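Novice: The following block contains a protein sequence and its predicted model.
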Amino acid sequence: MNSPKSTPEFSLLLVDDEPAWLRSLSRSLQALGGFTNLLLCTDSREVPQLLAEQDIGLVLLDLTMPHRSGEELLQQIRDEHPEVYVLVLSGLNQLETAVRCMRLGAYDYFVKTEDEERLIDGVRRAVQVIELQRENRALRHQCLSAGQDVPEAFAPLVTRHPAMLALFRYLEAVAPSRQPILILGESGVGKELVARAIHQLSGASGELVGLNVAGFDDNVFADTLFGHLRGAFTGADRERRGMIEHAAGGTLFLDEIGDLSLASQVKLLRLLQEGDYYPLGSDQPRRLQARVICATHQDLAARVASGAFRHDLFYRLQAHQLTIPPLRERRGDLSLLLEHFLHLAADELGKPKPTPPPELLQLLASYPFPGNVRELQSLVFDAVSVHPGGVLSMSVFQNRILRAGKPLSNPGATPNPFTALDDLPSLAEAAELLVDAALDRAGGNQTLAARLLGIAQPSLCKRLKRRRDNEP
């Protein structure tokens, strides 16, 4: 069994010559901040060696110490380790000292006697900044690399489209992050598959726990996410663990967050900002120990503008944001996806893999696929399920695609394309325009164009021959 990952991935070095204060501070950082990757040092002379040997991102530095003062160490850290952040701790509230430390490069200054929660918040802010800077450096490195380090994580995402490959490189860079990730994309593009790839790349020891929150009211959302204690409400006869607790050490995937009510959005925002939550009926906070990934098919920017989505939650989710392109924008993947789903369908249904007819790809390329990859998969599985053998029949694909292209029974739903014209074309002219549109949609394939027109292929050939003969 894998041991849980330390939080954060880099170390926090606590430097103070008072062991009792160090122990108290470390307990507070663990209990209130959820930080477990802590190094304690009571001798300021050991700090340079620790910085050279350990991956330290943040130093909490006492000012008044024997041997080497905090100001002296601060100067050395900024000169030799400029990537390391320093929070200065002092027993005295002296403005001149605080200003001097900030000029020497300290990230922040705290008085030991101040509110403990304020110090924890300061550490939390510094850790978030350090994580983002490290992720940005990793992202620049990944985007300049030629390929993926762990392509097996992306095996379910069948593609060769440049935008998708660039997205994979981005995912490799941000997967180890503790910041939330927002996945945008139309229904059926594979948002859950991307979330699973992120989870696998993160190396998390826990599980991926998925939850579609569309249609949840605020009470159901809170109970499902946070859980409740026994007696929290009428009917709560036993304690229930929330999805956050089930995902501890792993990833919590919240799908369709664009449909959350405003009240639930407030709860999600607090969870992401503070990192703690309260099960229903409890006054003791619990720490979020999972990476949060959110997804939606909604246009969140438009929902923010309309007041349906909180702008602060939207900005909080923008730390890492990616958009999966729809299938109609990557038609070059159709052949790969068709072969992939033919194999899957044949294996699942216990049939030999059928051979697709040559004109099938041209038919698929003529269709916009509003249901994206999921719709293509259902089409292929439907066709293979009724396939008797040999070459795959195109009837399932034709029926779906031709039916999708027909006008709706309600005459007001799809307007007549000729209604707005001042001068109507003749029947012969309209027929020629329709033939041109079918040939264009079929990529020049006359057999496929004839099927789209609902006529026999020889009839289309005769019409095209007459057109050529009549050309000057």
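Specialist: That came through fine.

Novice: Give me the mean pLDDT for stretch 9-18.
Specialist: Averaging pLDDT along stretch 9-18 gives 93.

Novice: Equivalent analysis for stretch 56-76, please.
Specialist: Across stretch 56-76, the average pLDDT comes to 91.

Novice: mind listing the helices for the stretch 201-350 of the chain?
Specialist: For the stretch 201-350 of the chain, applying DSSP state H, counting those that start in this stretch gives helices covering 218-226, 243-246, 262-274, 300-306, 311-316, 334-349.

Novice: starting at the chain centroid, how far to the third one?
Specialist: Taking CA atoms, centre = their mean, to the nearest Å, the mean C-alpha location of helix 262-274 is offset from the chain mean by 18 Å.

Novice: Which strands or helices does it pack on?
Specialist: helix 218-226, strand 276-277, helix 311-316 (3 or more CB pairs under 8 Å, 6 or more residues apart in numbering; DSSP states H and E). (C-beta placed from N, C-alpha, C; glycine too.)

Novice: any idea how far residue 365 is from the nearest residue to residue 439 once chain neighbours are set aside?
Specialist: Spatially, and ignoring its direct neighbours in sequence, residue 439 is nearest to residue 449 (4.8 Å; CB to CB, 6 or more residues apart in numbering). Here the distance between residue 449 and residue 365 works out to 13 Å (CB to CB, to the nearest Å).

Novice: any low-confidence regions in this structure?
Specialist: When residues are selected by pLDDT under 70, those of the chain lie in 1-5, 136-151, 402-415, 420, 443, 472.

Novice: So which residue is dead centre in it?
Specialist: residue 183 (3.4 Å; CA atoms, centre = their mean).

Novice: The stretch 101-250 of the chain: strands as residue ranges?
Specialist: With DSSP state E, counting those that start in this stretch as the definition, the stretch 101-250 of the chain shows strands at residue ranges 108-111, 181-184, 208-212, 227-228, 240-241.

Novice: would JSON lines of the ones you listed with distance to residue 460 be doable?
Specialist: Putting the strands of the stretch 101-250 of the chain into JSON lines (distance: least, CB to CB, whole Å) gives the following:
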{"stretch": "strand 108-111", "distance to residue 460": "75"}
{"stretch": "strand 181-184", "distance to residue 460": "42"}
{"stretch": "strand 208-212", "distance to residue 460": "47"}
{"stretch": "strand 227-228", "distance to residue 460": "64"}
{"stretch": "strand 240-241", "distance to residue 460": "64"}
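
Novice: so which of those gets nearest residue 396?
Specialist: Across the strands of the stretch 101-250 of the chain, residue 396 has its closest neighbour in strand 208-212 (28.5 Å, CB to CB).

Novice: Just give the strands next to that closest one in its sheet, each with its orientation.
Specialist: Strand 208-212 pairs in its sheet with strand 251-255 (parallel), by DSSP bridges.

Novice: give the contact list for residue 215.
Specialist: Applying CB atoms under 8 Å, 6 or more residues apart in numbering, we find residue 215 in contact with residue 259.

Novice: picking up where we left off before, so can I have JSON lines of the helices of the stretch 201-350 of the chain showing distance to residue 371 and mean neighbour count?
Specialist: Below are the helices of the stretch 201-350 of the chain laid out as JSON lines (distance: least, CB to CB, whole Å; neighbours: other CB atoms under 10 Å):
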{"stretch": "helix 218-226", "distance to residue 371": "27", "mean neighbour count": "18"}
{"stretch": "helix 243-246", "distance to residue 371": "28", "mean neighbour count": "19"}
{"stretch": "helix 262-274", "distance to residue 371": "27", "mean neighbour count": "16"}
{"stretch": "helix 300-306", "distance to residue 371": "21", "mean neighbour count": "14"}
{"stretch": "helix 311-316", "distance to residue 371": "27", "mean neighbour count": "16"}
{"stretch": "helix 334-349", "distance to residue 371": "13", "mean neighbour count": "16"}
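
Novice: okay, how far is it across stretch 318-329, tip to tip?
Specialist: 24 Å (CA to CA, to the nearest Å).

Novice: Oops, could you answer that again for stretch 344-361 instead?
Specialist: For stretch 344-361, the first and last residues are 18 Å from each other (CA to CA).

Novice: Ok, which of the helices of the stretch 201-350 of the chain comes nearest residue 78?
Specialist: That would be helix 262-274 among those, by CB to CB, at 29.3 Å.

Novice: Touching the closest one from outside, list them.
Specialist: Here helix 262-274 makes contact (CB under 8 Å, 6+ apart) with 180, 213, 216, 218, 221-222, 225-226, 244, 254, 257, 260, 277, 288, 292, 308-310, 312-313, 316-317.

Novice: Can you dump the C-alpha atoms of that helix in PDB for me?
Specialist: Taking only C-alpha atoms (Å, rounded to 0.1, in the frame of the first residue of the first chain), the coordinates of helix 262-274 have been written out as PDB:
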ATOM      1  CA  LEU A 262     -25.600  29.800  -5.900                       C
ATOM      2  CA  ALA A 263     -25.800  28.500  -2.400                       C
ATOM      3  CA  SER A 264     -23.900  25.400  -3.300                       C
ATOM      4  CA  GLN A 265     -21.300  27.500  -5.200                       C
ATOM      5  CA  VAL A 266     -20.600  29.300  -1.900                       C
ATOM      6  CA  LYS A 267     -19.800  26.000  -0.200                       C
ATOM      7  CA  LEU A 268     -17.600  24.900  -3.000                       C
ATOM      8  CA  LEU A 269     -15.700  28.200  -3.000                       C
ATOM      9  CA  ARG A 270     -15.000  27.900   0.700                       C
ATOM     10  CA  LEU A 271     -13.800  24.400   0.300                       C
ATOM     11  CA  LEU A 272     -11.400  25.400  -2.400                       C
ATOM     12  CA  GLN A 273     -10.200  28.500  -0.600                       C
ATOM     13  CA  GLU A 274      -9.900  27.300   3.000                       C
END
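
Novice: quick one, it and strand 251-255 angle?
Specialist: 150 degrees (axes from the mean of the first three to the mean of the last three CA atoms, to 10 degrees).

Novice: How many residues are close by residue 439?
Specialist: Residues near residue 439, counting by other CB atoms under 10 Å, number 19.

Novice: thought it was touching residue 446?
Specialist: Yes - at 7.4 Å, residue 439 counts as touching residue 446 under the criterion of CB atoms under 8 Å.

Novice: helices or strands next to whatever helix or strand residue 431 lives in in the packing?
Specialist: Assessed by DSSP states H and E, residue 431 sits inside helix 427-441. When contacts are defined as 3+ CB pairs under 8 Å, 6+ apart, helix 427-441 packs onto helix 446-453, helix 457-470.
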